[in-house]
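*Asks:* mind looking at a prediction? Sequence and model below.
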Amino acid sequence: MRLLFVGDIVGRSGRAIVEEKLPGLIEKYRLDFVVINGENAAGGFGITETIVQDLIDAGADVITTGNHVWDQRDAMVYCERQPAFLRPINFPSGVPGKGANLYHARNGASVLVMNAMGRVYMDALDCPFHAVERELDACPLGDFADAIILDFHAEATSEKQAMGYFLDGRVSMVVGTHTHTPTADHRILPAGTAYLSDAGMCGDYDSVLGMDKEEPVQRFLRKVSSSRFTPALGEATLCGFAVDTDDRTGLAIAAEPVRIGGQLSQHIPTFWENR
């Protein structure tokens, strides 16, 4: 199975490049399943139901989120009627929405997608390790799911790496989000799980984490807020993580980052091109 995870969309420029490029990527490279982290898609803070639907229309199968999930307050309402929308699984009991769900890929396979949030330097949620473990007990790889993807929205690389090894051999892909900076540590772990500490963002990299540079720089210099953060609107880069899995085991057989357009060097996975 061919899986694509697309990193955090930041603002209008990030949405634009995803909506422009994703349909062609799905068709050209015969992608079976696409997950997008959309938590910063609405002006850099949260995501609206209209944007969720726009991303689905562009080809996304699932929209994951993170600590900004409720920044657009209507998300607490529409999350109940949008099965493709996930919030972190380790929110306390009773919070609206789902943190995991089973979906059908374009090739008919079943894909479990989980969205968890880290706790190091983040909001104090329930333990993400225990939350993910409970979900895997109910829907293990190879029994009920042909592939399993975890978006681990976390600040600390150590916590992300620990999650990768905790799940190695039990899920297809563990990909980190939240830092908006693509890492260079993509690999397949010893037991067969594809891992990347952070997929990076879809947005203008001539920025501070996707935001117009002036206000963040001034806050660091003066420790005073002079205006709101606003997303940078220059040419965007689409960043993500591509994984091919073994149809028999659901584990990874190839994994590479994806970078298209904008400020970063472009990269299309070699196994996409050679198929």
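*Replies:* Cool, the structure landed.
*Asks:* show the model's pLDDT score for residue 226.
*Replies:* On pLDDT, residue 226 comes in at 86.
*Asks:* and what of the one 10 residues further on?
*Replies:* In this prediction, residue 236 carries a pLDDT score of 96.
*Asks:* make 11 the starting number, not 1.
*Replies:* With the count now opening at 11, the last piece we talked about shows up as residue 246.
*Asks:* got a list of what it touches?
*Replies:* When contacts are counted by C-beta atoms under 8 Å, 6 or more residues apart in numbering, residue 246 touches 23-24, 26-27, 212-215, 271-272. In short, each C-beta sits where N, CA and C put it, glycine included.
*Asks:* and the helix or strand harbouring residue 169, what does it pack onto?
*Replies:* Assigned by DSSP states H and E, residue 169 falls within helix 167-177. The elements that helix 167-177 packs onto, with contact taken as 3 or more C-beta pairs under 8 Å, 6 or more residues apart in numbering; DSSP states H and E, are helix 138-148, strand 157-163, strand 183-187.
*Asks:* other SSEs contacting the second one?
*Replies:* What that stands for is strand 157-163. strand 12-16, strand 43-47, strand 120-127, helix 138-148, helix 167-177, strand 183-187.
*Asks:* same check on the longest one?
*Replies:* The elements that helix 138-148 packs onto, with contact taken as 3+ C-beta pairs under 8 Å, 6+ apart, are strand 120-127, strand 157-163, helix 167-177.
*Asks:* the inter-axis angle of the shortest one versus strand 120-127?
*Replies:* Spelled out, it's strand 157-163. 10 degrees (axes from the mean of the first three to the mean of the last three C-alpha atoms, to 10 degrees).
*Asks:* picking that back up, closest to residue 248 out of the helices and strands packed on helix 138-148?
*Replies:* Proximity to residue 248 (C-beta to C-beta) singles out strand 157-163 among those, at 16.5 Å.
*Asks:* which residues in the stretch 161-285 of the chain form helices?
*Replies:* Along the stretch 161-285 of the chain, counting by DSSP state H, counting those that start in this stretch, helices occupy 167-177, 224-232, 280-283.
*Asks:* tell me how far residue 54 lies from residue 15.
*Replies:* 20 Å (C-beta to C-beta, to the nearest Å).
*Asks:* which of the two has more neighbours?
*Replies:* residue 15 (28 against 24; other C-beta atoms under 10 Å).
*Asks:* returning to that earlier point: closest to residue 162 among the contacts of residue 246?
*Replies:* Distances from residue 162 to the contacts of residue 246, taken by C-beta to C-beta, are shortest for residue 212, at 17.9 Å.
*Asks:* isn't the closest one right up against residue 17?
*Replies:* Yes - judged on C-beta atoms under 8 Å, residue 212 makes contact with residue 17 at a distance of 5.9 Å.
*Asks:* and residue 138, what pLDDT?
*Replies:* Confidence score, pLDDT, at residue 138: 98.
*Asks:* look up the closest residue to it, ignoring the ones flanking it.
*Replies:* residue 126 (4.0 Å; C-beta to C-beta, 6 or more residues apart in numbering).
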